[in-house]
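1. Model the following, please.
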Amino acid sequence: MKYRNVLFDIDNTLINSADLIAKLLKEGAEREGVYVPLKEFRTRIGQPGNEILKELGVHNWRRVLAEYTLQFEKNMNSLDYFEGIEKMLTGLLEMDTRLGVVTSKDRNQFEKETQRFPMISTMKIITTSDLTENPKPSGDPLNYTLEKFHLKKRQTLYVGDSIFDMQAANEAEVDFAIAAWGALPAASFKHAKYLAKTPNEIVTIVR
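-> Model (predicted):
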């Protein structure tokens, strides 16, 4: 096998959730008097929510995130895996691949937001944003994961949908595959090693 370890982003890589996240953050910002087009939130998905809100000028971002968490829980039933994700994860596990997630969610968000997705919540390798000082697009979360779980860089692939995922992988010197099924069409991924149009292509890349 080319890779022994495959790490994933979650939102819009495994779960079709970015549009809901952007919508809820936008509504929260507007309650604080900050009016920014939805696309500005959507293009920033991949960063922690507090960083997105601060970048867009929301001073009371903690209050917004508290309400966001409540509203996300109420809308979780509308979310699902992208088509082919469960088959992909099963296929990788059958190849004895070590699977994990490196996410911009903090631990509290991760536990609440993956309750309906046991293939994610039960992974042995989980790195949330509160475990490192610098979140993605810094390479720190991936470097932390490599060290903590004793993963070799050349045997590890990171899969994500955003430029922040790509930047983190490049800084950590880990090969990166674009989850094109969830990525924004206009995003530039010229520094990615692979472009996977479907989840099944990840299995082919790993093999």
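
2. So which bits of stretch 125-144 are buried?
-> 125-129, 131-132, 135-144 (16 or more other C-beta atoms under 10 Å). For the C-beta atoms, the positions are set from N, CA and C on the backbone; glycine is no exception.

3. gap between the two ends of that stretch?
-> 11 Å (C-alpha to C-alpha, to the nearest Å).

4. next one: it to chain centre, how far?
-> From the chain centre to the centre of stretch 125-144 is a distance of 11 Å (C-alpha atoms, centre = their mean, to the nearest Å).

5. avg pLDDT for it?
-> Across stretch 125-144, pLDDT averages out at 96.

6. So which residues make contact with it?
-> 5, 7, 46-48, 51, 98-107, 109-110, 145, 148-149, 151, 158, 163-165, 167-174 (C-beta atoms under 8 Å, 6 or more residues apart in numbering).

7. Ok, stretch 78-97 next?
-> With C-beta under 8 Å, 6+ apart, stretch 78-97 has contacts from 1, 3-6, 14-17, 20, 99, 116-117, 119, 181-182, 198-200, 202-203, 206-207.

8. So which bits of it are buried?
-> Buried residues in stretch 78-97, counting neighbours by 16+ other C-beta under 10 Å, are found at Leu79, Tyr81, Phe82, Gly84, Ile85, Met88, Leu89, Gly91, Leu92, Thr97.

9. and if you look at stretch 11-29?
-> Those would be 11-18, 20-22, 24-26, 28-29, for stretch 11-29 by 16+ other C-beta under 10 Å.

10. Which single one of the residues you listed is nearest to Val64?
-> Checking the buried residues of stretch 11-29 against Val64 by C-beta to C-beta gives Gly28 as the nearest, at 3.6 Å.

11. show me what contacts the closest one?
-> Going by C-beta under 8 Å, 6+ apart, the list of residues near Gly28 reads Leu53, Val58, Val64, Leu65, Glu67, Tyr68.

12. Tell me the one of those residues nearest Val36?
-> Val58 (8.8 Å).

13. quick one: contacts for the closest one?
-> Counting by C-beta under 8 Å, 6+ apart, Val58 touches Gly28, Ala29, Glu32, Val34, Val64.

14. Filter those down to the ones in helices?
-> Gly28, Ala29, Val64 (DSSP state H).

15. Put the alpha carbons of stretch 159-168 into PDB.
-> Output of stretch 159-168 as PDB, limited to C-alpha atoms (Å, rounded to 0.1, in the frame of the first residue of the first chain):
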ATOM      1  CA  VAL A 159      -7.900  14.400   2.800                       C
ATOM      2  CA  GLY A 160      -9.800  17.700   3.000                       C
ATOM      3  CA  ASP A 161     -12.000  20.100   1.000                       C
ATOM      4  CA  SER A 162     -10.500  23.500   1.700                       C
ATOM      5  CA  ILE A 163      -7.400  25.500   1.000                       C
ATOM      6  CA  PHE A 164      -6.900  25.600   4.800                       C
ATOM      7  CA  ASP A 165      -6.600  21.800   4.800                       C
ATOM      8  CA  MET A 166      -4.100  22.000   1.900                       C
ATOM      9  CA  GLN A 167      -2.000  24.700   3.600                       C
ATOM     10  CA  ALA A 168      -1.900  22.600   6.800                       C
END
